[in-house]
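Visitor: Sequence isn't available, so here's the structure alone:
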């Protein structure tokens, strides 16, 4: 039961904002967000735990709606370095160590 | 500061051959895991370990074996390689339920 990420891809101009969504049909304990550039390993962005806590990391923030089992990643004033594929990994209530990953959202930032 | 080291980075096998992907971490992390990444499918968990001597199956364990004799090492063995195992493999470690530190990846092609 892979979480569903949307959109699958998005193209932005530098300075524009983007929202990436991650939705699961399972009861979640956590949502993890990673960014991967082509040919490289995924890099950690943030973890959100059950409780609806919103987290921030410079101009990248995220929210977790535990009632809807949804998380959103917000990228504001996008920079060229934000380009890459964004993945959400979901941890379920009874299997925290087994993250289930979405298929990814490809983000392209143009100058 | 090596982090997570995977070897080899590239490997070509013939169908039926066996091989071992090596993974070592120097951060004293208890949790280690192996993922495979295929185009359009995100990361899928193969096997994971929560400590030396303890391993468990993930989503796609068939055709792979693991062992965890030390905290540092977590090798992944392909028993009899098949073309369906052509993929990019990532090893990751963490202190527990937190940020995953990934190795650089091993690109495997099975002919």
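Guide: Now that the structure is in, tell me what you want to look at. Note that the structure is predicted; figures quoted are calculated from it, not measured.
Visitor: Please count neighbours and contacts with C-alpha atoms only from this point.
Guide: OK.
Visitor: Next secondary structure element downstream of the helix-or-strand element of chain A with minimal mean pLDDT?
Guide: Counting by mean pLDDT, DSSP states H and E, the weakest-scoring helix or strand in chain A turns out to be strand A:55-57, with a mean of 66. Sequence-wise, the next helix or strand downstream of strand A:55-57 (DSSP states H and E) is strand A:60-65.
Visitor: can you give me the offset of that following strand from its chain's centre?
Guide: 8 Å (C-alpha atoms, centre = their mean, to the nearest Å).
Visitor: Sheet partners, orientation included, of that strand?
Guide: Its sheet considered, strand A:60-65 pairs with strand A:55-57 (antiparallel), strand A:70-75 (antiparallel) by DSSP bridges.
Visitor: so which strand or helix has the one residue sitting closest to the centre of chain B?
Guide: For chain B, residue B:34 is the residue whose C-alpha lies nearest the centre (C-alpha atoms, centre = their mean; 3.2 Å). Under the criterion of DSSP H and E, residue B:34 resides in strand B:31-37.
Visitor: Give me the below-cutoff pLDDT ranges for chain A.
Guide: Along chain A, segments meeting pLDDT under 70 span A:52-57, A:95-97.
Visitor: what's the answer for chain B, then?
Guide: B:1.
Visitor: can you map out the strands along it?
Guide: Taking DSSP state E as the test, the strands found in chain B are B:4-7, B:10-13, B:19-25, B:31-37, B:43-51, B:54-57, B:64-66, B:76-78, B:87-94, B:101-102, B:106-110.
Visitor: How about chain A?
Guide: A:4-6, A:9-13, A:18-23, A:28-36, A:43-49, A:55-57, A:60-65, A:70-75, A:84-92, A:95-101, A:105-110.
Visitor: can you tell which of those strands is closest to residue B:78?
Guide: Closest approach to residue B:78 among these (C-alpha to C-alpha): strand A:95-101, 20.9 Å.
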